[in-house]
Every structure is written in structure tokens, then in C-alpha cells.
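Q: Just need the structure, nothing else, for what follows:
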Amino acid sequence: GMIISAQWGGKIFYPGYVICVDHSEKEIILAVRGTFFPQDFLTDLVCKAAPFTFAQENGHCHDGMLRSARNLLCKIEPMLSGMLKR
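A: Reported below is the predicted structural model:
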């Protein structure tokens, strides 16, 4: 695949990630890096339960991970939307 975008480092609530495209399989791959740097541990420490709704189901999840996922989505959603329209 071809790397389209990557942020190897990351910040608190902004995880490292890489987006690749496999043209032969017509796939977009998003990989999110786990805990590695000190700022990742700070995200891990925000571990209270946060309310979360997915597919019309209510539940709770790790607050630091939810914040990170939402921040990452805001950052990459325009790029992914453009890629999916092609």
C-alpha cells in the first residue's frame, strides 16, 4: 500500500496514526499507534468511564481513548471523505 498521511509522534488526546491505500484491493487502512510516548501515558491516565453511544446502543468507554478517537476523526475525516468519493 501507499502511505497517504501519518503522524508518528502524537500529543495528549491526539494519537499517532498512519493512513494507507491499497489500490489493488480498493481499501483504505487506518492504523492507530498504541501507548509509546509519555504523552500517550497521560491519555491512558484519563480513564474514567465516559458515556458513549454507538449504533444506537448506549454504554461507557475509556474517556481518554474516546477523546483521542474524536480528535483523530475531526482531523482525518475530510481527507477520508475525499478519498471515498473517488
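Q: Run through who's touching the top helix by length along the chain.
A: If you go by DSSP state H, the chain has its longest helix at helix 63-85. Contacting residues not belonging to helix 63-85 are listed as 4-5, 13-15, 17, 19, 21, 28, 30, 32, 43-50, 52 [CB atoms under 8 Å, 6 or more residues apart in numbering]. No exception for glycine: its C-beta is placed from N, CA and C like everyone else's.
Q: what's the burial count for the closest residue to Leu45 other than its chain neighbours?
A: Setting aside the residues directly before and after it, Leu45 is nearest to Gly64 in space (CB to CB, 6 or more residues apart in numbering), at 7.0 Å. Applying other CB atoms under 10 Å, we find 21 other residues in the vicinity of Gly64.
Q: same thing with the one 5 residues further on?
A: The burial metric for Ala69, expressed as a neighbour count using other CB under 10 Å, is 16.
Q: for the one 5 residues further on, same thing?
A: Burial of Cys74 is recorded as 10 neighbouring residues (other CB under 10 Å).
Q: what's the answer for His60, then?
A: A count of nearby residues for His60, using other CB under 10 Å, gives 11.
Q: likewise Ser68?
A: Under the criterion other CB under 10 Å, the count of neighbours that Ser68 has is 23.
Q: what comes up buried for the longest helix of the chain?
A: The neighbour-count check on helix 63-85 (16 or more other CB atoms under 10 Å) flags Asp63, Gly64, Met65, Leu66, Arg67, Ser68, Ala69, Leu72, Ile76 as buried.
Q: just checking, His62 touches Thr43?
A: No: at 9.2 Å, His62 does not count as touching Thr43 under the criterion of CB atoms under 8 Å.
Q: sorry, back to before: got the CA positions of the longest helix of the chain in CSV?
A: Provided in CSV are the C-alpha atoms of helix 63-85 (Å, rounded to 0.1, in the frame of the first residue of the first chain):
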residue,chain,number,x,y,z
ASP,A,63,-12.6,8.8,28.4
GLY,A,64,-9.0,9.3,27.2
MET,A,65,-9.5,6.9,24.3
LEU,A,66,-12.8,8.5,23.4
ARG,A,67,-11.3,12.0,23.4
SER,A,68,-8.4,10.7,21.2
ALA,A,69,-10.7,8.9,18.8
ARG,A,70,-12.9,12.0,18.4
ASN,A,71,-9.9,14.3,17.9
LEU,A,72,-8.4,12.0,15.3
LEU,A,73,-11.8,11.7,13.5
CYS,A,74,-12.0,15.5,13.3
LYS,A,75,-8.5,15.7,11.8
ILE,A,76,-8.8,12.9,9.2
GLU,A,77,-12.5,12.9,8.3
PRO,A,78,-12.2,15.5,5.5
MET,A,79,-9.4,13.6,3.9
LEU,A,80,-11.1,10.2,4.2
SER,A,81,-14.4,11.6,2.8
GLY,A,82,-12.5,13.0,-0.2
MET,A,83,-10.8,9.6,-0.7
LEU,A,84,-14.1,7.7,-0.6
LYS,A,85,-15.7,9.9,-3.2
